[in-house]
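Enquirer: Sharing a sequence plus its predicted fold:
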Amino acid sequence: MRLKHIKLVGFKSFVDPTKVPFPHQMTCVVGPNGCGKSNVIDAVRWVLGESSAKNLRGDAMTDVIFNGSTARKPVSQASVELVFDNSDGRIQGEYANYAEIAVKRLVTRDGQSNYYLNNSKCRRRDITDLFLGTGLGPRSYAIIEQGMISRLIESKPQELRVFLEEAAGISKYKERRRETESRIQHTRDNLDRLTDVRDELGAQLDKLQRQAAAARRYKDLKGQERKVKAELQALRWLQLESQAERIRTTIQQQETELERWLAEQRGSERGTTELREQVADAKEQLDVIQQRYYQLGNEITRTEHQLQAERNQLQQREQRRQQLSHELSQLNKTKEDDRQQQVDLQVQQQQLQPELEIAEQDYQLAADRFEAHEEAWVKWQDDYQNYLDRQQRQREQEQQVRLAGERAEHQLQRLQDDLAALDQQRVELEQELASAADPASADELTAKTTVRDELAAAIAEQTQQQQQLEQHRELLQTQREQLQQQQQQALGRQSSLQHLLAAAQGDDWPAAVGDWLRDQAVPVLGQVRSMLQVASDWQLAAEQVVAPWLDAWVVETPPSHWPAQLGARLVVLGNEPAVAGSLAAQLGGALQQWPWLQQIGLAADEAEAQALLQTKVWPMVLTPSGQLWSAAGYQSARIAATDSQLLQQAELDELEQQLEGFGTQLNGINSELEQSKHALAQLQQQLQQQREAYSQVQAEVAALAEKNSWQQQQQRSFTDKLKLNSERQQQLREQLETVAVEREELAMQAEVLADQGSVTDDDADWQQRRTQLQEQRQQLRDAMQQRQQHLQQLTMQQQQIETQLQHINTLLQRVNQQHEQAREQLSLLSEPDAGQHEELEVLALQLEELLQQREQAEESRRQQANQVSELESQLRELSTGAQGVESQIEKARAKLQSSQLEMAALQERSRNVLAVLQEMRQPLKPVLEQLPDEADEKTWQTELDRLQNAIQRLGAINLAAIEEAETFAERKDYLDQQHQDLVSSLETLETAIRKIDKETRQRFKATFDAVNLGLQELFPKVFGGGSAYLELTDADLLETGVTIMARPPGKKNSTIHLLSGGEKALTALSLVFAIFRLNPAPFCLLDEVDAPLDDANVGRFCRLVEEMSATVQFIYISHNKVAMEMASHLAGVTMQEAGVSRLVAVDIDEAVALTEAS
């Protein structure tokens, strides 16, 4: 695997699309200081996932985008693409079969960064995973930039360990270990949460199981209560049937008396009927006479209208004749005017034709002249292009010599700048040497220590505030749990009441009745249940009476028929207002007009009820305890307070209000908890920031202490650097002399080319000839366009005349047609119409005859009306005699209605009993068959009271607890299974951690030994002797750091920090190359690592690089001539345009072959 090339667009100084090829194993990037060479190294590091702008020599990630120059505007984005040759299949995974892999990163001004693999968008992690174990990465040992050599040697043990981990290929194991630890932590968190849920669910399940047992006991008691209630209702039905039989006999006697009076009434009605028939016949004859009278009036009116219409038609005919005569005269005048205009247009057309032919000839002549001049213009352009080509070739020769001179001048300037930089460096080194012993370090150390103590005090104070907030949150959570418990109890009672009300409503017959009423278009006011409004004192008593009717529908007008299968389930309101003292008066709304409730009086106790019955005012009397008294006895309360649907509905409404209040309180507590959560998070964030600041200050204190310890080492290092600076200055002065000689030679060549002169052709003559040709060309074009415009104008005039002629011809045709039509109509209207005058005379005679007939009909109508009046007077006398019989009939009917009303009351009570049994789904016949012979109402009522008291003692019942307990039990089993699965997963993950740790230890140990051995072999080669080795700081191979110790020949230094800069660089290179020997990365980037080396050490460095280039691709930046000569390919970076880098690549092998061939 090797790097083929890099594509840069808008990255730092590479604003234009630039391709940097790497065709060989050794490529050297050269160029003057500041031209952008190191930007190539930054580009590679950036694409491999570098996320720190500081490591890219910037403040923000958008700093890598070209920010403009004096001649260029900033660009909006930057992109870099690395293209790898993977023909050897070193990249594993899904990209192992790709011979070429392209990795690209793109960033925009808004800070959005995107990664691409083979032009497919991906994540940064995908790029990191791709190169795991290959030695490549944003901060791996494969990329050695300026200053990194010294940092590598002086790095901390844990930082040096990272390079060995990458070489060992265990970075991917560490990544997997981090992921596995994260999963273990998540699994444990889930396990804790699951345990809490299981505990809470277990407590709720125990509570629900107790409630379910109570609910089952409640259902058993309710079943017994339902059976006793049904038998009690059957006993009452038997008693009511006995009373009803006695009343039926009385009703039959009263019906016989009423029938006798009705027979007498029918005899009187027969005489009245005969007289009414005579009156009807007389009125019928009167209607016929009146109809004839009105018919004659209509005929008279129609005849008068027809006579007037005939007269109007004669008048309109004369007016139309005069109008047509006027139109004929107007059309004759219009036709003459159009013919004159047609003649004028024909004359204009004949005059325009010769002028049009002349204009066509002039335009053709001008076009021929312009075409001939165009051929001459094209020939001149060809000649002038040949002249420019000759002149361009001469300028290119001059440009080549000038550029060579400028390059020599730039090289001379660069050498002078380098020399000046070395002078400046020498001055700075002398100043640093003088200030190496910095007395201010102790003061800074004291100040940092003070800041550290202040941060520690602030951390303690914020920790106390955090504890107070957590205690407050615990108190709020306790209050919330109490409210939730109360809310749960209320929800249980609400569910129980809803089940009771649903069970009490029974089957779905109300919906069937409502659908039937809507189909019959009967206006419905609603159901009794929804319309019932009772005063609180009479609520339970009223329910005893209307309980069978709670689901009945209320109407004002009864339907025309009532199907038997629907039963008596309709309440018909009357028109009378509620009677004071009746049960209807205690109701609100429209139910006050319920006739049945208007017949039930109200009494405070039993004595008052019996007194009211004796007054005969009320057929039935109701007491507050629910006892319903009548002449047949009393009916005790059938519904206990615990079974009252109205009381249950009231309690349900109260529970809904309580639940709404609980919700409001819980929302307030949750809001306060959320606020405390945010405050706690902010405090934790501040505490974290304080701790990070404390750690940073602590590190600075340690760094300052360490700085004081090695200041003396820095003094010796500055002395060595001053020596190297002097040697480098001598080398630059020698190069300056050589470049100056080359510049003089190039200046002489430029003078020779200037003496040769330019091409003999005179550019001014060419320009003058071009101007003349262009002026002639423009004159000919103008003349041609003028003649073309004149021709177009004449053509348009001719077309307009032709259009006008066509329009005139069309008008003439239309006028001729109109003239002919008017003439024909006038001829028709001029003929006389004698028949119309005769018709007028006939209509006048008919009108006179009709007037005489109407007078005769009026006399007949008057005589018949007198006869009808006499007959109606006789009929009124007969009606007066029938009123006495009607009075007797009303008295008999009143007695019958009174008996029927009493019978209706008994039937109503019987139907109530049957309705109750139907609601209980207990048919009457099976209940009567099972009823014991010795059964009596009092004994059964006592048993019912006992059962109701037992139910009441059970208290609030959660009927949904049975189903909820089963649901909770299923969820408990499911959570138990999940708990077991999580425990198994946790064991599996911990086993994976142990396996990863074991593999990591083995690989790290093997890599450490191999790199240590390689370092011990390479170090003597580089230094010509001496020794170097690696050491572990801890026995734990997972956490141990790595230190390096190096002793050049003849030195016994106690620490590596005592080595010079060059010695540190060679030691670091020995370590890096030892790592490369073990696990060579696809390529190695070196940025001026040879800068601190002298010529002898540079030679050793070059030989080592050349030796390793057999297996590793090297891309390095250097200013050293020896390093440049070693490369197979040179990539020169220039900045000819200020602020913009460009690439000039030279293949050394091809250049040498070309030189030898020449």
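Expert: Cool, got the structure.
Enquirer: hey, let's count contacts and neighbours off CA atoms from now on
Expert: OK.
Enquirer: got the residue ranges for the strands in the stretch 101-250 of the chain?
Expert: Assigned by DSSP state E, counting those that start in this stretch, the stretch 101-250 of the chain shows strands spanning 113-117, 120-122, 143-144.
Enquirer: which helices and strands does the last one pack with?
Expert: Meaning strand 143-144. strand 1083-1087 (3 or more CA pairs under 8 Å, 6 or more residues apart in numbering; DSSP states H and E).
Enquirer: so how far is the strand it packs on off the chain centroid?
Expert: In terms of CA atoms, centre = their mean, to the nearest Å, the centre of strand 1083-1087 is found 48 Å from the chain centre.
Enquirer: Strand partners (parallel or antiparallel) of it?
Expert: On the basis of DSSP bridges, the sheet neighbours of strand 1083-1087 come out as strand 143-144 (parallel), strand 1113-1117 (parallel).
Enquirer: residues of the helix or strand that the longest one is followed by that come out buried?
Expert: What it means is strand 1113-1117. Towards the C-terminus, the helix or strand next in line after strand 1113-1117, according to DSSP states H and E, is helix 1121-1126. Neighbour counts over helix 1121-1126 (16 or more other CA atoms under 10 Å) mark A1123, M1124, M1126 as buried.
Enquirer: Find the nearest non-adjacent residue to the last one, please.
Expert: Distances taken as CA to CA, 6 or more residues apart in numbering put C1102 closest to M1126, at 6.9 Å, once the chain neighbours are dropped.
Enquirer: which residues touch the one you found?
Expert: V1122, A1123, M1126 (CA atoms under 8 Å, 6 or more residues apart in numbering).
Enquirer: Mean pLDDT for the strands paired with strand 1083-1087 - can I get that in CSV?
Expert: As requested, these are exported to CSV (pLDDT from 0 to 100):
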stretch, mean pLDDT
strand 143-144, 84
strand 1113-1117, 91
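Enquirer: what's the closest of the ones you listed to P619?
Expert: P619 lies closest to strand 143-144 among these, at 111.9 Å (CA to CA).
Enquirer: After the longest helix belonging to the chain, which helix or strand is next?
Expert: Taking DSSP state H as the criterion, the chain has its longest helix at helix 171-434. Elements were assigned by DSSP H and E; along the chain past helix 171-434, the next helix or strand is helix 440-505.
Enquirer: Next, the angle from that next one to helix 171-434.
Expert: Relative orientation of helix 440-505 with respect to helix 171-434: 150 degrees, computed using axes from the mean of the first three to the mean of the last three CA atoms, to 10 degrees.
Enquirer: so how far is helix 440-505 off the chain centroid?
Expert: Computed by CA atoms, centre = their mean, the chain-centroid distance of helix 440-505 equals 33 Å.
Enquirer: which helices and strands does it pack with?
Expert: Of the remaining helices and strands, those touching helix 440-505 by 3+ CA pairs under 8 Å, 6+ apart are helix 645-709.
Enquirer: Compute the inter-axis angle for the helix it packs on and helix 440-505.
Expert: Using the same axes, to 10 degrees, helix 645-709 lies at 170 degrees relative to helix 440-505.
Enquirer: Next, the contact list for Q233, please.
Expert: By CA under 8 Å, 6+ apart, Q233 lies in contact with V913, L914, V916, L917.
Enquirer: on that earlier part again, CSV for the buried residues of helix 1121-1126, including pLDDT and distance to A71?
Expert: Conversion of those to CSV gives the following (pLDDT from 0 to 100; distance: CA to CA, whole Å):
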residue, pLDDT, distance to A71
A1123, 88, 35
M1124, 89, 32
M1126, 87, 37
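Enquirer: out of those residues, which one sits closest to Q285?
Expert: Distance to Q285 across the buried residues of helix 1121-1126 (CA to CA) is lowest for M1124, with 143.5 Å.
Enquirer: so how far is L152 from the residue lying closest to the closest one once chain neighbours are set aside?
Expert: In space, not counting the residues next to it along the chain, M1124 is nearest to C28; the distance is 6.2 Å by CA to CA, 6+ apart. Relative to L152, C28 is positioned 23 Å away (criterion: CA to CA, to the nearest Å).
Enquirer: With neighbour numbers in mind, choose between these two.
Expert: For the pair C28 and L152, the greater number of neighbours falls to C28 (25 against 22), based on other CA atoms under 10 Å.
Enquirer: Now do the phi/psi pair for L525.
Expert: Listed backbone geometry of L525 is phi -80, psi -30, with angles given as degrees, to the nearest 10.
Enquirer: That one - how many residues pack around it?
Expert: L525 sits with 12 neighbouring residues when counted by other CA under 10 Å.
Enquirer: What is the most widely separated pair among the contacts of Q233?
Expert: Using CA to CA, the pair of these lying farthest apart is V913 and L917, separated by 6.3 Å.
Enquirer: so where do the strands sit in the stretch 1051-1158 of the chain?
Expert: For the stretch 1051-1158 of the chain, the strands defined by DSSP E, counting those that start in this stretch cover 1083-1087, 1113-1117, 1129-1137, 1140-1147.
Enquirer: Now distance to Y294 too, for those, in CSV please.
Expert: As requested, the strands of the stretch 1051-1158 of the chain are exported to CSV (distance: least, CA to CA, whole Å):
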stretch, distance to Y294
strand 1083-1087, 125
strand 1113-1117, 127
strand 1129-1137, 119
strand 1140-1147, 117
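Enquirer: Select, out of the ones you listed, the one closest to P74.
Expert: Judged by CA to CA, the one of those that comes nearest to P74 is strand 1140-1147, at 11.5 Å.
Enquirer: What pairs with that closest one, parallel or antiparallel?
Expert: The pairing partners recorded for strand 1140-1147 under DSSP bridges are strand 1129-1137 (antiparallel).
Enquirer: Contacts for the strand it pairs with, please.
Expert: With CA under 8 Å, 6+ apart as the test, strand 1129-1137 has contacts from 20, 22-24, 26-32, 35-37, 1124, 1141-1149.
Enquirer: from those, which would you call buried?
Expert: Buried members of those, counted by 16+ other CA under 10 Å: 20, 22, 24, 26-32, 35-37, 1124, 1141-1143, 1145, 1147-1148.
Enquirer: how many neighbours does S329 have?
Expert: By the other CA under 10 Å criterion, the neighbourhood of S329 contains 11 residues.
Enquirer: Could you check how far it is from Q323?
Expert: Separation of S329 from Q323 (CA to CA): 10 Å.
Enquirer: can you list the weak-confidence ranges in the stretch 1051-1158 of the chain?
Expert: Screening the stretch 1051-1158 of the chain residue by residue with the criterion pLDDT under 70, one finds the ranges 1148-1149, 1151-1152, 1154-1158.
Enquirer: Just name the shakiest helix or strand of this protein by mean pLDDT.
Expert: Among the secondary structure pieces of the chain, namely its helices and strands, strand 633-635 has the lowest mean (mean pLDDT, DSSP states H and E), a mean of 60.
Enquirer: so which of the strands of the stretch 1051-1158 of the chain is the most packed in?
Expert: With neighbours defined by mean count of other CA atoms under 10 Å, none of those is more surrounded on average than strand 1113-1117, at a mean of 25.
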